[in-house]
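Trainee: got a sequence here, can you model it:
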Amino acid sequence: MFDKIEQLSFQTRILIAVLLALAFFIPYSYLYQPKINQENNATQKLESQASATQEIPNTQNAESQSISMQTASTEAQNAAIIATINADNFVYKIDRLGRIAEVLLKDMKYQKDSAPLSLFPENIAVQNDPKTLELRFSDPLINQQALSTSYTADQEHIELKEKPQTLNLTQRLGNILVQKELTFYPNGAYEIAVKIPKGHAYFISPGMRPRVENDTYVFKGAIIKESDDTITTVGDGDAKGQENFVKAKILAAVDRYYTTLLFEENGMNATILGNADENPMLFVSGDGDLKLKGYIGAKDYHLLDSINPLLTDVVEYGMITFFAKPLFLLLDKLHDICGNWGWAIVLLTFIVRVVLYPLTYKGMVSMQKLKDLAPKMKELQQKYKGDPQKLQAHMMDLYKRHGANPMGGCLPLLLQIPVFFAIYRVLFNAIELKGADWLLWITDLSVMDPYFVLPILMGATMYLQQHLTPTTFNDPMQEKVFKFLPLIFMIFFITFPAGLVLYWFVNNVFSIIQQILINKSLARKKEREIAEHKHENKHKD
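Mentor: As a prediction, the model looks like this:
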């Protein structure tokens, strides 16, 4: 087996590495979840049917609670708006059941078709799904009454400017008085104080995830920051039962760019159930008074950090978060310096290429040695064609005498893949790129290049880079496949965000420059070695 590996040309190995990277790179970003809580802490599973109820452990006391899955029969009546909160950058609408039923983002870069962006379009809502700040009681009878009784609001319209303002909602359920005190902040954050007499267990939800971004290659679902600061995710389609979390710090429903969440630094007892589509439904349990903080809006790093540094964990990049997050912070600093996200990407690419230069140089030196040894390797292959063991022994001796490593050119490339993947995750998930322009034709780095200029340039530079790289193909079919890679990548990247394609294109440009410099350096080194060899032979004569 090892003799076959050693006989592979560098281009063969790089082709295998690229194809393996693609095989990993594409499905990973869609399927990967940093930590999936596989334990079912509940004693029973809940069915996602309109009238079904089952018990789940009460994390607050020894008695058992249950979330009633009953929903109101007439959604049109529920949609009646009793209060509107209007801020400079958003609008919240409170329906008759005391829920934030509609959220509109007014910022220009989030708008869709020149209209405020709706985070929860009604046309794709599932009836059983909870809305933001929806209350569900354990007792089915109380829950049924709660879903048919309107709240009253002490204000119908709030103009939210520089200072936070408070809205009081009240609901009378027989002898039970339900009160919600909502304090809204201009940045999209809010605080909620729920007042319900003890002994009436209930659950409150941050709502389902925003239904704006449905990209295939991004995570969509629930993010939970647990009491030990570990991050657990439950993606859409993966909420098959129920999961309980004790003293969780963050309970967030997210898509690529937006989130609705509840958080509490001291912890809250949370439960995740699956709806009919096995998408996660999020709840926080309460019995008596309960105070929580929340946020609805874009996953803008600085905005989340200004609300509470804890919330920056909602911007997560999978298992490579530990590396991708510092890369984003570096990109952000570069943006502060140059004032443009496009040029910040160019600067980031330059820095990455400089840092990786030693690896690149080492790989090129190793590749050049293998190229120089190619004629001798062919001689050995012909001489020991029928004896693989002798061929392996002589090839290993040849590598040893000339200081060549058959995997030396491939390993540096493989070591660079995590860096490229981290940058990919950063650029693909950074909402900061939304509405960011670069040069003349790129008006939004978060969407595809409208004129396909960057993908074409990326393919062209990749093709040029191939021609600058020494080739030692033994198999004509492999050579043909390798030559088609620039076209394959160009087609694959056509629909990718312009910011990501910009990085890849600039990376190719810097790689070409490095390739030329390294080729010249190796050529000079080879000339010196030839001159020294001639000089030694002259003295011997």
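Trainee: CA only for contacts and neighbour counts going forward, please
Mentor: Noted.
Trainee: and whatever helix or strand residue 362 lives in, average pLDDT?
Mentor: Assigned by DSSP states H and E, residue 362 belongs to helix 341-383. On average, the pLDDT along helix 341-383 is 85.
Trainee: tell me which strands and helices that helix is in contact with?
Mentor: helix 321-338, helix 388-402, helix 410-429, helix 498-540 (3 or more Cα pairs under 8 Å, 6 or more residues apart in numbering; DSSP states H and E).
Trainee: got the angle between that helix and helix 410-429?
Mentor: Using axes from the mean of the first three to the mean of the last three Cα atoms, to 10 degrees, the direction of helix 341-383 lies 150 degrees away from that of helix 410-429.
Trainee: among the helices and strands packed on helix 341-383, which is the most enclosed?
Mentor: Mean neighbour counts were taken over these using mean count of other Cα atoms under 10 Å, and the top value, a mean of 19, falls to helix 410-429.
Trainee: now for the longest strand along the chain, which elements pack on it?
Mentor: Counting by DSSP state E, the longest strand found in the chain is strand 258-274. Packing contacts for strand 258-274, counted by 3+ Cα pairs under 8 Å, 6+ apart, involve strand 242-254, strand 280-286, strand 290-298.
Trainee: who does the second one pair up with?
Mentor: Here the strand partners of strand 280-286, with direction, are listed using DSSP bridges: strand 202-204 (antiparallel), strand 258-274 (antiparallel).
Trainee: would you turn those into a markdown table with mean neighbour count?
Mentor: Shown next, in a markdown table, are the strands paired with strand 280-286 (neighbours: other Cα atoms under 10 Å):
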| stretch | mean neighbour count |
| --- | --- |
| strand 202-204 | 24 |
| strand 258-274 | 22 |
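Trainee: of these, which is nearest residue 489?
Mentor: strand 258-274 (29.1 Å; Cα to Cα).
Trainee: for the closest one, the distance to its chain's centre please.
Mentor: On the basis of Cα atoms, centre = their mean, to the nearest Å, strand 258-274 sits 19 Å off its chain's mean C-alpha point.
Trainee: then stretch 532-541?
Mentor: Taking mean C-alpha positions (Cα atoms, centre = their mean), stretch 532-541 and its chain are 61 Å apart.
Trainee: restrict that stretch to CA atoms and write it as PDB.
Mentor: C-alpha atoms of stretch 532-541 as PDB (Å, rounded to 0.1, in the frame of the first residue of the first chain):
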ATOM      1  CA  GLU A 532      28.900  24.500  -7.300                       C
ATOM      2  CA  HIS A 533      28.800  21.000  -8.700                       C
ATOM      3  CA  LYS A 534      30.700  22.100 -11.800                       C
ATOM      4  CA  HIS A 535      33.200  23.900  -9.600                       C
ATOM      5  CA  GLU A 536      33.800  20.700  -7.500                       C
ATOM      6  CA  ASN A 537      34.200  18.600 -10.700                       C
ATOM      7  CA  LYS A 538      36.700  21.100 -12.100                       C
ATOM      8  CA  HIS A 539      38.800  20.900  -8.900                       C
ATOM      9  CA  LYS A 540      38.700  17.100  -9.000                       C
ATOM     10  CA  ASP A 541      39.900  17.100 -12.600                       C
END
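Trainee: low pLDDT regions in this structure?
Mentor: 1-65, 70-78, 123-127, 407-413, 470-476, 478, 539-541 (pLDDT under 70).
Trainee: name the residue closest to the centre of it, please.
Mentor: Nearest to the mean C-alpha position of the chain, by Cα atoms, centre = their mean, lies residue 317 at 4.1 Å.
Trainee: contacts only, for that one.
Mentor: Taking Cα atoms under 8 Å, 6 or more residues apart in numbering as the criterion, residue 317 is in contact with 324, 325, 422, 425, 426, 429.
Trainee: closest to residue 196 among those residues?
Mentor: residue 429 (39.6 Å).
Trainee: how near is the closest one to residue 250?
Mentor: Counting by Cα to Cα, to the nearest Å, the separation of residue 429 from residue 250 is 20 Å.
Trainee: what of residue 147?
Mentor: 27 Å.
Trainee: the two: which is more packed in?
Mentor: residue 250 (27 against 20; other Cα atoms under 10 Å).
Trainee: any idea how far the residue nearest to that one when sequence neighbours are not counted lies from residue 148?
Mentor: Nearest residue to residue 250, sequence neighbours excluded (Cα to Cα, 6 or more residues apart in numbering): residue 263, at 4.4 Å. Relative to residue 148, residue 263 is positioned 28 Å away (Cα to Cα).
Trainee: same check, this time on residue 113
Mentor: Counting by Cα to Cα, the gap from residue 113 to residue 148 is 36 Å.
Trainee: and the two? Which one has more around it.
Mentor: Per other Cα under 10 Å, whichever of residue 113 and residue 148 has more neighbours is residue 148, with 17 against 7.
Trainee: in a strand, the more buried one, correct?
Mentor: No. Assessed with DSSP: H, G, I helix; E, B strand; the rest coil, residue 148 is coil; it does not lie in a strand.
Trainee: quick one, phi/psi of it?
Mentor: phi -120, psi 0 (degrees, to the nearest 10).
Trainee: still on that earlier bit, which residues touch the residue nearest to residue 250?
Mentor: 249, 250, 251, 292, 293, 294.
Trainee: got the angle between the helix holding residue 362 and helix 321-338?
Mentor: Going by the same axes, to 10 degrees, helix 341-383 makes 130 degrees with helix 321-338.
Trainee: between the strands paired with strand 280-286, which gets nearest to residue 217?
Mentor: Taking the strands paired with strand 280-286 one by one with Cα to Cα, strand 258-274 is closest: 15.5 Å.
Trainee: the closest one to strand 242-254, inter-axis angle?
Mentor: 160 degrees.
Trainee: tell me what angle strand 258-274 forms with strand 290-298.
Mentor: Using the same axes, to 10 degrees: strand 258-274 against strand 290-298 is 120 degrees.
Trainee: between the contacts of residue 263, which has the most around it?
Mentor: Using other Cα under 10 Å as the neighbour test, the contacts of residue 263 are led by residue 251, with 30 neighbours.
Trainee: that one contacts residue 281, doesn't it?
Mentor: No. Residue 251 is beyond contact range of residue 281, at 10.6 Å (criterion: Cα atoms under 8 Å).
Trainee: quick revisit: now the helices and strands packed on helix 341-383 as CSV including distance to residue 197?
Mentor: What follows is the helices and strands packed on helix 341-383, written out as CSV (distance: least, Cα to Cα, whole Å):
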stretch, distance to residue 197
helix 321-338, 42
helix 388-402, 80
helix 410-429, 43
helix 498-540, 53
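Trainee: nearest to residue 180, of those?
Mentor: Closest among the helices and strands packed on helix 341-383, using Cα to Cα: helix 410-429, at 34.3 Å.
Trainee: you'd agree residue 451 is in a strand?
Mentor: No. Read with three-state DSSP, residue 451 is coil and lies in no strand.
Trainee: and residue 234, how far from residue 255?
Mentor: Counting by Cα to Cα - residue 234 and residue 255 are separated by 12 Å.
Trainee: quickly list what's touching both of these two.
Mentor: Contacts common to residue 234 and residue 255, judged by Cα under 8 Å, 6+ apart, are residue 221.
Trainee: nearest residue to residue 460 in space, please, no chain neighbours.
Mentor: Per Cα to Cα, 6+ apart, closest to residue 460 is residue 486, 7.2 Å.
Trainee: now the one you found: which helix or strand?
Mentor: Assigned by DSSP H and E, residue 486 falls in helix 476-493.
Trainee: pretty sure residue 110 sits against residue 117.
Mentor: Yes. Judged on Cα under 8 Å, residue 110 makes contact with residue 117 at a distance of 6.2 Å.
Trainee: test my guess that residue 66 contacts residue 136.
Mentor: No. In this structure, residue 66 is not within contact of residue 136 by Cα under 8 Å, at 9.5 Å.
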